[in-house]
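Student: compute the structure for the input listed below.
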Amino acid sequence: MNIEEFWEGFTSSEKDLFQKSCRRLLKQTFIVRDRDEESKRAYYFISKNPEPFSVYLGYIGFDVLTDRENGVVMLRNCRDMGENGRLQINHVALKKMESVVLCCLWAMYADRIRAGSLSKNITITMADLRFELEKYKVKDQIDKSTMTAILSLFSRYQLLQVVGRIGDDDCRICLLPSMQFALDPDEFQNFVNTAEKRMQERWNETDSEMDEEEQDADTDE
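Tutor: Next up is the predicted model:
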């Protein structure tokens, strides 16, 4: 069936929901079923009617994937279009600190799921995130304003919800099940390997500078 045939088969309320759901997917990539009632309504409509969404969005290089186990609907690149079989058009270019924070959040979500969490929504504290950031030696480079902007960006893409105000002791971050689809495991491992290599090089440079300073001090004496 073509999109016109699907469209004619919709009721007026279904047409409205179809339009709103397409806009949401294009704007935020993910729709998470258990985030709120509006998301739940869109999720069930798309999961029951995936073909018209795939047909319609396929014209601009997208397909729609439903992960029923995790309750997530997401856009993905069509693999039979574009250079090398796929279009890289729903990838977001992140800044360095945004990338580091996302990797930390992704790793914490994956760790808790592997540990047997019964909930797909994982709640962490700001202290948990700061501890994870320590591994990359960047905690002191991300102030409250920067962290607020970063978490707001990820919230916009339905990867998490911030509960409370950043900086308050009771602030929590709810990692949504869409988080596990934000990064490819191989890409994440490559990022970690590169980050560790760069940090080791910086540590070696720092140690070398300290050795030179000690030698200069000995010479002066």
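
Student: tell me the spacing between the residue nearest in space to the middle of the chain and residue 157.
Tutor: The centroid of the chain falls nearest to residue 182 when counting by CA atoms, centre = their mean (3.9 Å). Per CB to CB, to the nearest Å, residue 182 is found 8 Å from residue 157. The C-beta positions use only the backbone N, C-alpha and C, and glycine is treated the same way.

Student: same deal with residue 21?
Tutor: For residue 21, the distance to residue 157 - CB to CB - is 16 Å.

Student: likewise residue 5?
Tutor: For residue 5, the distance to residue 157 - CB to CB - is 32 Å.

Student: more neighbours: the two, which one.
Tutor: residue 157 (17 against 10; other CB atoms under 10 Å).

Student: give me the phi and psi for the residue lying closest to the more buried one once chain neighbours are set aside.
Tutor: Nearest-residue entry for residue 157: residue 28, 5.2 Å, with adjacent residues in sequence omitted and distances by CB to CB, 6 or more residues apart in numbering. Main-chain torsions, residue 28, degrees, to the nearest 10: phi -120, psi 0.

Student: isn't residue 28 right up against residue 156?
Tutor: Yes. Residue 28 lies in contact with residue 156 (CB atoms under 8 Å); the separation is 6.3 Å.

Student: quick one: the helices in this protein, in order.
Tutor: 3-9, 12-28, 37-48, 50-58, 96-114, 126-134, 144-156, 185-220 (DSSP state H).

Student: for those, which one sits closest to residue 70?
Tutor: Nearest to residue 70, of all the helices of the chain, is helix 96-114, at 9.8 Å by CB to CB.

Student: number of nearby residues for residue 119?
Tutor: With other CB under 10 Å as criterion, residue 119 counts 11.

Student: for it, give its distance to residue 43.
Tutor: Taking CB to CB, one finds residue 119 at 17 Å from residue 43.

Student: so where's this protein uncertain?
Tutor: Along the chain, segments meeting pLDDT under 70 span 79-91, 185-189, 191-221.

Student: domains for it, by residue range?
Tutor: Here the domain parsing of the chain from automatic domain parsing is 3-85, 96-199.

Student: and stretch 54-65, C-alpha only, in PDB?
Tutor: Written as PDB, here are the backbone C-alpha positions of stretch 54-65 (Å, rounded to 0.1, in the frame of the first residue of the first chain):
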ATOM      1  CA  SER A  54       8.000   3.300   7.400                       C
ATOM      2  CA  VAL A  55       6.400   4.100   4.000                       C
ATOM      3  CA  TYR A  56       6.100   7.800   4.800                       C
ATOM      4  CA  LEU A  57       9.400   8.300   6.500                       C
ATOM      5  CA  GLY A  58      11.200   6.100   4.000                       C
ATOM      6  CA  TYR A  59      11.000   8.900   1.400                       C
ATOM      7  CA  ILE A  60      13.500  10.800   3.400                       C
ATOM      8  CA  GLY A  61      15.700   7.800   4.300                       C
ATOM      9  CA  PHE A  62      14.300   6.600   7.600                       C
ATOM     10  CA  ASP A  63      12.700   3.500   8.900                       C
ATOM     11  CA  VAL A  64      10.800   3.000  12.200                       C
ATOM     12  CA  LEU A  65      11.900   0.300  14.600                       C
END
